[in-house]
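Trainee: Fold the following for me, if possible:
(chains A and B)
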Number of protein chains: 2
Amino acid sequence: MSQESTKKYNIDHLISKRAINRQFIHFNSDNSKRAPEGFLPHPRPLGLAYGRPNPQYYPIKKITIALDEYPFQDSLFSTKKHDEVSFDVLRVADETGSIGLNEAFQYGDLNGLPAFAKFVKQFVEQIHRPSYDNWLTIGTSGASDGMNKAADAIIDSGDIVLLEEFTFTPFVNSVLNAGGIIVPTKLNLSSTDAKFDVAYLSNLLNNWDNLKPEHKKNKPKALYIIPTCQNPTGITHSIEQRKKIYELASVHDFVIIEDDPYGYLALPPFSKPNILEIQRENISVDEFLNNQLIPSYLRFDTEGRVIRLETFSKVFSPGLRLGFIVAHENIIKVIKRNAAIGTRSPSGPSQLILMNVINQKLGGLQGWLEWILKVRLAYVHRRNVLINSLTELRAYQNGYFGILSSEAGMFASIIINFPQGINKIDKLELLNYKLLQHGVTVVLGNKLAVDVEFSKESANFLRLSYAELDNDAELEEAGKRLTTAIEEFFRKDFNY
Amino acid sequence: MSQESTKKYNIDHLISKRAINRQFIHFNSDNSKRAPEGFLPHPRPLGLAYGRPNPQYYPIKKITIALDEYPFQDSLFSTKKHDEVSFDVLRVADETGSIGLNEAFQYGDLNGLPAFAKFVKQFVEQIHRPSYDNWLTIGTSGASDGMNKAADAIIDSGDIVLLEEFTFTPFVNSVLNAGGIIVPTKLNLSSTDAKFDVAYLSNLLNNWDNLKPEHKKNKPKALYIIPTCQNPTGITHSIEQRKKIYELASVHDFVIIEDDPYGYLALPPFSKPNILEIQRENISVDEFLNNQLIPSYLRFDTEGRVIRLETFSKVFSPGLRLGFIVAHENIIKVIKRNAAIGTRSPSGPSQLILMNVINQKLGGLQGWLEWILKVRLAYVHRRNVLINSLTELRAYQNGYFGILSSEAGMFASIIINFPQGINKIDKLELLNYKLLQHGVTVVLGNKLAVDVEFSKESANFLRLSYAELDNDAELEEAGKRLTTAIEEFFRKDFNY
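Mentor: A predicted model of the protein is given here:
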């Protein structure tokens, strides 16, 4: 659609020199240019070239996988009995898009095994629809690997990267590892209207040399964001904000690194937990795609300046160490060269398990989205249980804390309403000991701040995950312990 | 045993500044130093802190794995019928050293899942027995990942790394990626007495400033070697050589990076292929450990200057992307920090499949070594088939080529006996077209040279893998095509 603008725009100046200059030489290089006259290769050559063990060397003869039809099948959705759905993985791949054992245990393509790469491409084409043509994808060994490769691809020593002031701070490590410099950008945190502060970003970029004299003439090369169900604040950028932020990227010429581990799990508003009627919160794939899923920044990307990071950790399992990157072909090219030197391809068994579950049993892309919606439904219920428990007791009713976010997949956040003039971070850290005394672990807002000084007045929140505990009773109990501890802390006038 | 020397020696000056200075900050950091007086944590805290999905979110309910008892069970060792050996993977890990599904699909420790890390430690303790105490191990996402992390840990911009003049050249990419400079060291290639040239190395190191004036005062920081069943030359360092080379490392203060993908597959000398009597070539685990396996450089390492790289690619399957590193604890510490930022832990399903096959079915370490010996036996037969085919025809009998190595696991190498004065590399590349015309692919010696100019007089060899082809008939045919092509090339006076 936007070939014209793509052609006009060139992304290469935003790729790091390190990545552009990285060499990859392999002894398997083409020397056909020097072929003698009349050379005709044999049509069926026999290979003595490579150290790829014949599949018969691998001890695995068969793998059978049995699936749950629902997450928490044995407890959460126990109203009816489900059959075990089991299937044998094929030995050799077929046209259904499954991965064969022989393929999974062999060296694989850097992009991912063909069935994986094909699925990912189809997924991006149908779900995210980038607004330019020459994008590509590459498999990663999970989200951290993707983040690190994205940082390496863009950031040279001394380059500036903008981050949301509260974020998934491990990305900071990737930026520093590439020699980059972190500059935070503002979020407005309020339990009634939390959002990304576009005006702050716009002003920062328009007046960069004045506002950041220490970085004069060194404008940001990238903006890292988690624009849907942001971790830890739960903020989701509206479509209008996405358009504006993309325009800023275009005008000020930087890359947007869009990290999106939770976007598919965006939840409806809180309601009283009711496991018997949980199916009312279910939505169809069509409803999900047409009315619920906020478009990726890829949808607004006419110039190839968005790097989208995905992971299967939250919607399938973290142990797979499996994800993918979508970006301009020139960016994927340098990431692929990076992969060639280190990680190579993601794990074959990980791809085998994911893709054969999806293609052999769930029914491809449609079935995969149905599974995601089942996961989402389990989170809806767990969220309802936790939030209900939190808001039932006195601490909430007394206004000691407010709900900052409860619709962001696997996390909720609560703001602690400390009085004016108090050192919020000191008190938050002291409160944490009260929480630990009462037996509940959380993550403190200041721990998720990129620059604690920058965010000292807005770090007074707690990130709560309802992902890990075993059952409703534990979630309820955790909520009670949390509010009881807060109540006690306020009652003791913010002393332990 | 060598605690005294370990204490005297410090390895830190050999760790790269990049690796030493690399930051890793995580929001999960300990702040117990600021705990208020009287603070007592709850004995059974409930976790709302982390984004670790409860295992009930993962769709996999059960995995059943069926094993071959022998590699090539259906063809190579078909004289008796074997039962299918199948087992269910456990949901939760038990004391047998197996990995549970819940564990494999969850975020895992950077070192590898507990059962994997424990097995690796036990393996190193029993098989390699480093001569100092404070070594550690870490899991990698395969050999390339290990190589890249080892290079990153040691090499800063401008550091010199010595490589065998012919080697697994992808390591060159890792060195260049870390900013290092490659200097080749000599191998003596001869079909009667091929070996690593220790005298050359010793002289090079003793007269570094004179011999390498361009690198004056910049002596090598590391030596990368494949000392057992070297790829591509098949050379194995003798114990005497290992002692001498280690001493050189100690005197000249460099790290030895020992890469060992094929060492467990070292083969007995060639004999006529005889599938019915192949079991005669079998050896017991005791014989293997006591009399066949050449000690790792770890055995001579009193100072913690050896980094050993292993992979499960050649003895289990490459698609696992699974290996490990053994090194001094300070080196493992920086490698772990590197992993924390990027790859994190290796794939859970990969570890699950490997460790449960080993611990649930093969019978632990002993059974694992028995499996390796079965793999070795399959290679013995395949090697016999290929070498027999190569030596049966006129080209070998006329002395057009000689066998450089045929005991190195999955590769054999042959030297092409070009006449004096000919441009060996030009002719080798022309010969390759003749091979491709006849339908056989190989890797040319010059493609595996670190510095083609340095090795132009010794690159006249071909590396032949007998790992990949499907059966004996294909191997025989490949050998025939190869020798027929060589014969034709010599007959045509080294023209196509």
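Trainee: what's the neighbour count on the residue of the stretch 351-496 of chain A found nearest chain B?
Mentor: Distances between the stretch 351-496 of chain A and chain B by Cβ to the nearest Cβ are smallest at A:G439, namely 2.9 Å. To be clear about C-beta, it is placed using only N, CA and C from the backbone, and glycine gets the same treatment. When neighbours are defined as other Cβ atoms under 10 Å in any protein chain shown, A:G439 has 19 of them.
Trainee: my guess is it contacts B:G47, does it?
Mentor: No: contact criterion Cβ atoms under 8 Å: A:G439 and B:G47 do not qualify, at 10.0 Å.
Trainee: still on that earlier bit, gap between the residue of the stretch 351-496 of chain A closest to chain B and A:A485?
Mentor: A:G439 is 9 Å from A:A485, where distance means Cβ to Cβ, to the nearest Å.
Trainee: For the closest residue in space to A:E477 that isn't next to it in sequence, give me its contacts.
Mentor: The spatial neighbour of A:E477 that comes closest, neighbours along the chain excluded (Cβ to Cβ, 6 or more residues apart in numbering or on different chains), is B:L46 at 6.1 Å. Residues in contact with B:L46, defined by Cβ atoms under 8 Å, 6 or more residues apart in numbering or on different chains, are A:G439, A:V440, A:T441, A:L469, A:E474, A:E477, A:A478, A:R481.
Trainee: rerun that using 10 Å as the cut-off
Mentor: Each residue near B:L46 by Cβ atoms under 10 Å, 6 or more residues apart in numbering or on different chains is listed here: A:438-441, A:468-470, A:474-482.
Trainee: I'd like the domain boundaries of chain A, if you could list them.
Mentor: Domain segmentation of chain A under the TED database yields A:87-370, A:377-492.
Trainee: quick one: which of the ones you listed is nearest B:L298?
Mentor: Closest approach to B:L298 among these is made by domain A:87-370 (23.7 Å; Cβ to Cβ).
Trainee: Please see if whichever strand or helix holds A:P184 touches chain B.
Mentor: Using DSSP states H and E, the element containing A:P184 is strand A:181-185. No: in terms of Cβ under 10 Å from any Cβ of the partner chain, no part of strand A:181-185 sits within range of chain B; the closest distance is 11.1 Å.
Trainee: Repeat that for stretch A:414-434.
Mentor: Yes: residues of stretch A:414-434 contacting chain B under Cβ under 10 Å from any Cβ: A:D426, A:E429, A:L430, A:N432, A:Y433, A:K434.
Trainee: buried set for that stretch?
Mentor: Under the neighbour-count criterion of 16 or more other Cβ atoms under 10 Å in any protein chain shown, stretch A:414-434 has A:414-416, A:418, A:424-425, A:427-434 buried.
Trainee: Find residues that contact each of A:G439 and B:G47.
Mentor: A:A478.
Trainee: Look at A:N290 and say how many residues are nearby.
Mentor: For A:N290, using other Cβ under 10 Å, the count is 9.
Trainee: Then the one 5 residues further on?
Mentor: Counted with other Cβ under 10 Å, residues neighbouring A:P295 total 15.
Trainee: Could you pull up phi and psi at it?
Mentor: Here is the backbone geometry of A:P295 (degrees, to the nearest 10): phi -60, psi 140.
Trainee: From chain B, how far out is it?
Mentor: Distance from A:P295 to chain B, counting by Cβ to the nearest Cβ, to the nearest Å: 24 Å.
Trainee: Hmm, A:L475 is touching A:Y379, no?
Mentor: No: A:L475 sits out of contact with A:Y379 when judged by Cβ atoms under 10 Å, with a separation of 11.5 Å.
Trainee: So for the two, which residue has more residues nearby?
Mentor: Between A:L475 and A:Y379, counted using other Cβ under 10 Å, the more crowded position is A:L475 (27 against 23).
Trainee: Contact partners for the more buried one?
Mentor: A:273, A:381-390, A:464, A:466, A:468-469, B:46, B:48.
Trainee: Let's see which of these end up in strands.
Mentor: Mapping the contacts of A:L475 onto strands (DSSP state E) picks out A:L464, B:L46.
Trainee: Spell out, range by range, the strands that occur in the stretch 301-450 of chain A.
Mentor: A:306-311, A:323-328, A:401-408, A:411-416, A:440-441, A:443-444 (DSSP state E, counting those that start in this stretch).
Trainee: Can you tell me which of those strands is nearest to A:D493?
Mentor: strand A:411-416 (14.2 Å).
Trainee: Could I get the CA-only coordinates of the closest one as CSV?
Mentor: The C-alpha coordinates for strand A:411-416 follow below in CSV (Å, rounded to 0.1, in the frame of the first residue of the first chain):
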residue,chain,number,x,y,z
PHE,A,411,-1.0,-7.6,36.4
ALA,A,412,-3.0,-5.2,38.5
SER,A,413,-1.5,-2.0,40.0
ILE,A,414,-2.6,-0.1,43.0
ILE,A,415,-1.6,3.4,44.0
ILE,A,416,-0.9,4.0,47.7
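Trainee: Rounded mean pLDDT for that strand, please.
Mentor: In this model, strand A:411-416 carries a mean pLDDT of 97.
Trainee: Name every strand pairing with that strand and say which way it goes.
Mentor: Here strand A:411-416 is paired, per DSSP bridges, with strand A:401-408 (antiparallel), strand A:461-465 (antiparallel).
Trainee: Could I have the CA atoms of the shortest one written out in PDB?
Mentor: Going back to what we said before, that points to strand A:461-465. What follows is strand A:461-465 as a C-alpha-only set of coordinates in PDB (Å, rounded to 0.1, in the frame of the first residue of the first chain):
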ATOM      1  CA  PHE A 461       2.300   2.100  43.500                       C
ATOM      2  CA  LEU A 462       2.500  -1.700  43.800                       C
ATOM      3  CA  ARG A 463       2.400  -4.100  40.900                       C
ATOM      4  CA  LEU A 464       0.300  -7.200  41.700                       C
ATOM      5  CA  SER A 465       0.500 -10.400  39.600                       C
END
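Trainee: Any quick ChimeraX command for the buried ones out of the contacts of B:L46?
Mentor: Applying 16+ other Cβ under 10 Å to the contacts of B:L46 leaves a buried subset, and the ChimeraX line that selects it is:
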select /A:438,439,440,441,468,469,474,475,476,477,478,479,480,481,482
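Trainee: measure stretch A:432-452 end to end?
Mentor: 17 Å (Cα to Cα, to the nearest Å).
Trainee: what pLDDT, on average, does that stretch get?
Mentor: Average pLDDT, stretch A:432-452: 97.
Trainee: Cool, thanks, talk later.
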